[in-house]
Structure formats: structure tokens, C-alpha cells
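J.: Any chance you can model this:
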Amino acid sequence: MASGSSWVGRCWKRASVPCRLRREKIIISSRFGLLAIAATHAYSAPVLGTRNSPYLQELLVLAGATDVYAAAPELLERLLRIHVSPSAVYRVTRAVGEALPAAALLEPVPDEPLYLQVDGSLVFTDAGWQEVKVGRGFARDAFTGEGQLASSQYCAVLGPHTAFEQQVEQLVPATRDLVFLSDGARWIEQWAERTYPKAVKILDFYHAVEHPAAAVQGLVLPAGWRERQRALLLESQWEQVLTHVAQLAGTVPARRADL
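T.: Now for the predicted structure:
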């Protein structure tokens, strides 16, 4: 064994190197856990604003797009034995989505008859109440034997309906054989007439029943009247329903405007 000043010198040098390098290294997250690499190395630069390795970012986005963000950490910990927070999954997923061109986020729709469901609502965000629009497209043969959809595509926009319309129009050209299902909102009806004039437009059954019921609310109805109107609507006999509603509500001056 070496002794004297030379032994002390060698030990001191070995102890001082890690201390000096620690200040020159960067800690990044990877699928193997935390890694320390030289600050001058190309891989030390932040990727999309985070110090996650590109492959880990890919896994975070996959987990974030597969399920809600809150469920992603448990899945990743089981598969990779690393801990991430739901907010980290959200930040990376959002950053990757914003970095991609819009065309890369739009999956082409197969060239076959398409059903398109559209709706809108309001959600409360940090900036206050904001509009949100959602569309769901599916083919006729996408239904299972139990009446459930086996596959479909979604398109959602946090913002005004004009931005949502542009997104859908990139997916669904005006020449498509299209069936439009909606709640009859004015913006949806106007958009469908303007962009998809040849589409078959269907008012969903819930709102189809709701409107006649609202027109005769408070009036004395014959026995079984509501049930008969529901049955007629299921058979697409809406003209008869309008006639029956007019026969009742039309006799009340205050209700004539509702017709």
C-alpha cells in the first residue's frame, strides 16, 4: 500500500474530482430514472422546455393520450419504476401537442359514409368560462352487436366554434357522404347548411322529444299523448308530431310564437 504524501495526494484527487464535476453536470429524467450528464453535452439541453429524455417524453405523451393525466403516474411507475406527477404528464403532452404542426394531429377519416356527432358547452378555466366544442365521427359498421361503438375519432377545441369548424373541415371534406347528429343548436345548423348542404341532418332523440314537450308544457294533454308523440318521432313522423302540437299549443295565444 502506498503511504506518505503521495498516497494522500492520490486520495485527495480522487475525492475532489466528483465534487468538481458535480457543478458541471445536469440532472435529467429518463426511463431509467435520474441521470447526470455533462452540462456541455448535447443531451443536456432542455427538450420542449423540460429536462426529460426524448424517449421518456414519448412515453409520457403516450400515457397522457391513452388515459386521464391522473392515471398516468401509476402506469408509468408500474412499467418503468420511476415516479412522475400528473402535472408533468400534462405539461409534456401539451408541449408536444403545441410543437407539432396541426396536420400531424389530424388522422385521415376513411372514405366511407360517416356519422358526425357535434356538441358544445362551457368549461371554467383559470381564464374564466370558455367555450369548448367536441365532435365524434364514426362509420356505420363501427357498432358492435351490443349496440356500442367499437371505434371512433374525436376532435375537440377549447375556443369559439369557428376554430372547431376549421379543424373538422380538415378531416371531413364537404363532398363526404355525411350524417349530422346534433342538438339543433343554431351555430351547428348554420355550419352544416353552409359547409355540408348535402348531409343528412338528424336532431338527437332527447332534444326531439324535449321541444314538443316544452311547447305543450302546462296544458291539459289527452291520456297517452306524450307516449304517442315519442313513438311517432322514433318512426321519423315528425310532421305528425308538429300537427299534434299545433292542435294543442296553437289554441293558446302565448304559445303560438313557440311553434
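J.: ok, now how distant is residue 35 from residue 229?
T.: 68 Å (Cβ to Cβ, to the nearest Å). In this view, the C-beta of every residue, glycine as well, is placed from N, C-alpha and C.
J.: Comparing those two, which residue is more hemmed in?
T.: Legend: neighbour count by other Cβ atoms under 10 Å for residue 35 and residue 229, higher for residue 229 (23 against 15).
J.: The more buried one and residue 62, how far apart?
T.: Distance, residue 229 to residue 62, using Cβ to Cβ: 48 Å.
J.: residues making contact with stretch 188-199?
T.: Stretch 188-199 is contacted by residues 118, 120, 161, 165, 169, 172, 174, 176, 178-180, 182, 201 when judged by Cβ atoms under 8 Å, 6 or more residues apart in numbering.
J.: Could you say which helix or strand holds the most centrally placed residue in the chain?
T.: The residue lying closest to the centre of the chain (Cα atoms, centre = their mean) is residue 156, at 4.9 Å. Here residue 156, judged by DSSP states H and E, is contained in strand 153-158.
J.: Helices along this structure, start to end?
T.: Listed in chain order, the helices of the chain (DSSP state H) span 4-22, 54-66, 72-80, 86-99, 161-171, 186-195, 205-215, 225-234, 238-249.
J.: Turn those helices into TSV, including mean pLDDT and distance to residue 152.
T.: TSV is the format used below for the helices of the chain (pLDDT from 0 to 100; distance: least, Cβ to Cβ, whole Å):
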stretch	mean pLDDT	distance to residue 152
helix 4-22	41	52
helix 54-66	86	15
helix 72-80	87	22
helix 86-99	87	20
helix 161-171	89	12
helix 186-195	93	18
helix 205-215	83	19
helix 225-234	88	23
helix 238-249	83	27
